[in-house]
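*Asks:* fold the following for me, if possible:
(chains A, B, C and D)
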Protein chains: 2
Amino acid sequence: MNSEFTIAVHSLVLLAYRPDHMATSDMIAHNVNTHPSRVRKVMSCMRKSGYITTKEGLGGGYILNCNPDEVSLAEIYRATSIGTMKPSWCSGQVDTECMVACNMAEVMDQIFCDAEQQLLIHLEQTKIIHVLERVRDAQLQK
Amino acid sequence: MNSEFTIAVHSLVLLAYRPDHMATSDMIAHNVNTHPSRVRKVMSCMRKSGYITTKEGLGGGYILNCNPDEVSLAEIYRATSIGTMKPSWCSGQVDTECMVACNMAEVMDQIFCDAEQQLLIHLEQTKIIHVLERVRDAQLQK
DNA sequence: GCATACTGTTATTATATTTATTACAGTTTC
DNA sequence: GAAACTGTAATAAATATAATAACAGTATGC
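*Replies:* Numbers count the residues shown, from 1 in each chain, chains lettered A, B, ... in the order given. From the prediction side, this is the model:
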């Protein structure tokens, strides 16, 4: 799976952890442990999906614009990573006589597509707030 | 997802399509559209899991050693790709004060692990024979 | 026995993908 | 109009993936 999903989830959980706080791409990048530019790219996508609000200019940054009880990992996956379940490498060849060789790519495609749909159904259950709760639990275990 | 899964499924379906036929790595590689050496690597893994029998030497090759009605894609996934759902890239840093930064990697790990378990439950439903049937259906649609 | 045709496995090279970095235009604040 | 931000694209570096080569080991048939 796409690691942009990880960055998106981490960033939204961080914003949910500090509600009403503006966070800059620099602050988030430091927390996530990646480059600010990469954070901006992912967050730009989150804004287009409506999960955050961004503000340009001095004092600007990112702030949560959704209820963390309601937005699930499925929605974040859809925004950042849809289609990435299927590996880019494909088997078979279309122009062969063998029935298996020339249809396998299509059939595997179906299989990966189905699997991704199942994954979405599963991720639907976990909301941003649940991830934050798990973080809290993990902290308490120390 | 790992493309060795694709190669393994394709190869087993091919063997199921031509039961009682020895197929060499060269023949399978041609069908799958990859290098014979890669096929041998994946098939070596399939042998270790007991799904095929291999024979070295002249006239050797691979032959199915399981009931295609019984072996599911979950078993093939377990043999070839377990753990590949989780991206290798990890967010956060363990030695930080921020609760989110230092626990997110662990929490995401759980999430990917859960998702992979769900995937296995889903793949359990599809047996090798079903993939072959889907290939036949795809062929008929042409 | 030995040439031939296979698998098993590792090492190396080539290619593709991912991530980091740089750069700079646009925006808002002071 | 300087400073501190986002948005986006381009490039470079790092990593992962796939192809290829090489060769030891094994079975077959002459």
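
*Asks:* other SSEs contacting the helix or strand residue A:105 falls within?
*Replies:* Remark: residue A:105 resides in helix A:99-124, with elements defined by DSSP states H and E. On a contact count with 3 or more CB pairs under 8 Å, 6 or more residues apart in numbering or on different chains; DSSP states H and E, helix A:99-124 meets helix A:73-81, helix B:3-17, helix B:25-32, helix B:99-124, helix B:128-140. All C-beta atoms are positioned from the backbone trio N, CA, C, and that covers glycine.

*Asks:* recalculate using a threshold of 10 Å.
*Replies:* Where contact means 3 or more CB pairs under 10 Å, 6 or more residues apart in numbering or on different chains; DSSP states H and E, helix A:99-124 is packed against helix A:73-81, helix B:3-17, helix B:25-32, helix B:73-81, helix B:99-124, helix B:128-140.

*Asks:* what about the closest residue to residue A:49 other than its chain neighbours, how many neighbours?
*Replies:* Using CB to CB, 6 or more residues apart in numbering or on different chains and skipping the chain neighbours, the partner closest in space to residue A:49 is residue A:79 (4.4 Å). For residue A:79, the count of nearby residues is 18 (other CB atoms under 10 Å in any protein chain shown).

*Asks:* before we move on, the earlier item: pick the most buried one from the helices and strands packed on helix A:99-124.
*Replies:* Across the helices and strands packed on helix A:99-124, averaging neighbours per residue (mean count of other CB atoms under 10 Å in any protein chain shown) puts helix B:3-17 on top, at a mean of 25.

*Asks:* is the helix holding residue A:105 anywhere near DNA strand C?
*Replies:* No. Under the criterion of CB under 7 Å from any atom of the strand, DNA strand C is not reached by helix A:99-124; the shortest gap measures 14.1 Å.

*Asks:* averaged pLDDT, stretch A:100-108. What do you get?
*Replies:* Across stretch A:100-108, pLDDT averages out at 97.

*Asks:* as PDB, could you dump the C-alpha coordinates of stretch A:112-132?
*Replies:* Once non-C-alpha atoms are left out, stretch A:112-132 reads as follows in PDB (Å, rounded to 0.1, in the frame of the first residue of the first chain):
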ATOM      1  CA  PHE A 112      -7.300  -7.000  -6.900                       C
ATOM      2  CA  CYS A 113     -10.200  -4.700  -7.500                       C
ATOM      3  CA  ASP A 114     -12.500  -7.000  -5.400                       C
ATOM      4  CA  ALA A 115      -9.800  -7.200  -2.700                       C
ATOM      5  CA  GLU A 116      -9.500  -3.400  -2.600                       C
ATOM      6  CA  GLN A 117     -13.300  -3.000  -2.200                       C
ATOM      7  CA  GLN A 118     -13.200  -5.400   0.700                       C
ATOM      8  CA  LEU A 119     -10.300  -3.400   2.200                       C
ATOM      9  CA  LEU A 120     -12.500  -0.300   1.900                       C
ATOM     10  CA  ILE A 121     -15.300  -2.000   3.700                       C
ATOM     11  CA  HIS A 122     -12.900  -2.900   6.500                       C
ATOM     12  CA  LEU A 123     -11.300   0.500   6.700                       C
ATOM     13  CA  GLU A 124     -14.800   2.100   6.900                       C
ATOM     14  CA  GLN A 125     -15.000   0.900  10.500                       C
ATOM     15  CA  THR A 126     -11.900   2.800  11.700                       C
ATOM     16  CA  LYS A 127     -12.400   6.500  12.100                       C
ATOM     17  CA  ILE A 128      -9.700   9.100  12.700                       C
ATOM     18  CA  ILE A 129     -10.700   9.300  16.400                       C
ATOM     19  CA  HIS A 130     -10.200   5.600  16.800                       C
ATOM     20  CA  VAL A 131      -6.600   5.900  15.500                       C
ATOM     21  CA  LEU A 132      -6.000   8.700  18.000                       C
END
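
*Asks:* off-centre distance for it?
*Replies:* 10 Å (CA atoms, centre = their mean, to the nearest Å).
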